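# Would you be able to build a 3D model of this:
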Amino acid sequence: MVEQRRPYVWQMVREAVDALGGDTTNTALKNWILSKYPGTNPNTISAQTVVCTVNHPSRIHFPENRKPRVADGKYDFLFRPAPGRLKKYDRPEHGEWEIVDCDDGSVAVGPAQDEITPSPPNDSEGRTFAAEAHLRDYLANRLGDIEEGLELYAEDDKPGIEYRTEIGVIDILAKDKQGNFVVIELKLSHGEDSACGQLLRYMGWVRRHLAEGNLVRGIIIAFRIPTKTRYAAADLPNVELREYELALTLRLVPKLASILPKPTRPS
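Just a heads-up that it's a prediction; the model follows:
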C-alpha cells in the first residue's frame, strides 16, 4: 500500500485554521497541526503561518513574498487581528492587502489603499488609523517624528517591532541618542489607564533583561489620552503620553502637455 504524501506545511496551516473555525490563536493552530501531523517542525509551522498572513510585516522575508503582488494567491489566507491571534482572511472584513515596492528597492506589506476610518465617537476633529498595525508600522519607519535620534532596537534577526517577551509583546522597542531604551505602547483610539500598567510591565522586563544599567523610558501613543490615563501617569517620571492625529493634504498635479494638434486659423 502506497503511503499518502503529507501535505506541505502551509497546507497544514490552512487545514488547521479551517478546522478551528476560522478564528484561533497561534498556539492552538500549532498544537492542532502537531496532533494531526506528528513530527512536523514547530519552527516551520511558525514561519509558514507568517508567510500566509496577509498583514504580517515579516512575511516579506520569505521567498513566497519577496516580489510585489496583491494578496489573493494560495499563500494569502490568514489575517492577524492582534498579536498571537489569527483569523481566516476575509476581504470584505479585513480589506485588500498587498506587497508593494518601496522607494529604496525593498518591499513592504500594506493595505491596497490608504485605509483610514472616522474618528472615534465624540471626537470632532482628526482621523485614526484603520488598524493598530498600521499605526505601528507607520511610526516604526518614522521614529524621528516621535523623538530626534530615536532608532529601532535590533537584536540579531529580532527587530524591535512587536518585540516578543515571555510577558507579552512590546509594540515598538527603540533606543534614544544616549543609548537608553524606549518602550512604546500604542493604542489605536483611546489610551486607557490600563495601558500604563502594561507599559510599566514591559519597562520592568527591559530593565532586567536588556538595559544593563541604562535608563528605560516609556511612551504611550494614542489618538486620545483620557483624563484617567493622565492621572495614572502623573507620578511616573520616565513615562510620556503622546496623541497622534492624521491630516490629509492635497496638492495640484500639473497635467502633461497636450499632444493634440493646435487648431489652425482658416486662411
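# What residues does V109 make contact with?
With contacts defined as C-beta atoms under 8 Å, 6 or more residues apart in numbering, V109 is in contact with V54, N55, H56, P57, R59, I60, N65, W97, E98, I99, V100, D137. The way it works is simple: take the backbone N, C-alpha and C, and place the C-beta from them, glycine included.
# any low-confidence regions in the stretch 151-267 of the chain?
156-157, 189-191, 247-248, 257-267 (pLDDT under 70).
# quick one, strands of it?
151-152, 154-155, 158-159, 161-165, 168-175, 181-190, 216-224, 239-243 (DSSP state E, counting those that start in this stretch).
# In JSON lines: these, plus mean neighbour count and distance to Q48.
Formatted as JSON lines, the strands of the stretch 151-267 of the chain follow (neighbours: other C-beta atoms under 10 Å; distance: least, C-beta to C-beta, whole Å):
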{"stretch": "strand 151-152", "mean neighbour count": "14", "distance to Q48": "26"}
{"stretch": "strand 154-155", "mean neighbour count": "12", "distance to Q48": "23"}
{"stretch": "strand 158-159", "mean neighbour count": "14", "distance to Q48": "19"}
{"stretch": "strand 161-165", "mean neighbour count": "18", "distance to Q48": "18"}
{"stretch": "strand 168-175", "mean neighbour count": "22", "distance to Q48": "20"}
{"stretch": "strand 181-190", "mean neighbour count": "22", "distance to Q48": "27"}
{"stretch": "strand 216-224", "mean neighbour count": "21", "distance to Q48": "32"}
{"stretch": "strand 239-243", "mean neighbour count": "16", "distance to Q48": "37"}
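# Which among those strands is found nearest to L78?
Closest to L78 of those is strand 161-165 (C-beta to C-beta; 15.7 Å).
# Partner strands of the closest one, with direction?
Paired with strand 161-165 in the same sheet, following DSSP bridges, are strand 168-175 (antiparallel).
# okay, the strand it pairs with in CSV with CA atoms only?
Extracted in CSV, the C-alpha atoms of strand 168-175 (Å, rounded to 0.1, in the frame of the first residue of the first chain):
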residue,chain,number,x,y,z
GLY,A,168,3.9,39.8,26.2
VAL,A,169,4.7,41.7,23.0
ILE,A,170,6.2,45.2,23.0
ASP,A,171,4.7,47.2,20.2
ILE,A,172,7.9,49.1,19.4
LEU,A,173,11.2,48.9,21.3
ALA,A,174,13.7,51.6,20.5
LYS,A,175,16.9,53.3,21.7
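# about what we covered before: got a quick PyMOL command for the buried subset of the contacts of V109?
Only the buried entries of the contacts of V109 go into this PyMOL selection, using 16 or more other C-beta atoms under 10 Å:
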select buried, resi 54+55+56+57+59+60+65+97+98+99+100+137
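# tell me the two of the contacts of V109 that are most distant?
Applying C-beta to C-beta across the contacts of V109, the maximum distance is between N65 and D137, 15.4 Å.
# ok, back up a step: pLDDT check: weakest of the contacts of V109?
When those are compared on pLDDT, D137 comes out lowest, with 83.
# what's the distance between it and L186?
Distance of D137 to L186, given as C-beta to C-beta, to the nearest Å: 10 Å.
# How about R59?
20 Å.
# and the helix or strand harbouring E98, which strands flank it?
Element membership for E98, per DSSP states H and E: strand 97-101. If you go by DSSP bridges, strand 97-101 pairs up with strand 69-70 (antiparallel), strand 107-111 (antiparallel).
# Surely R6 and G39 touch.
No: R6 is beyond contact range of G39, at 9.0 Å (criterion: C-beta atoms under 8 Å).
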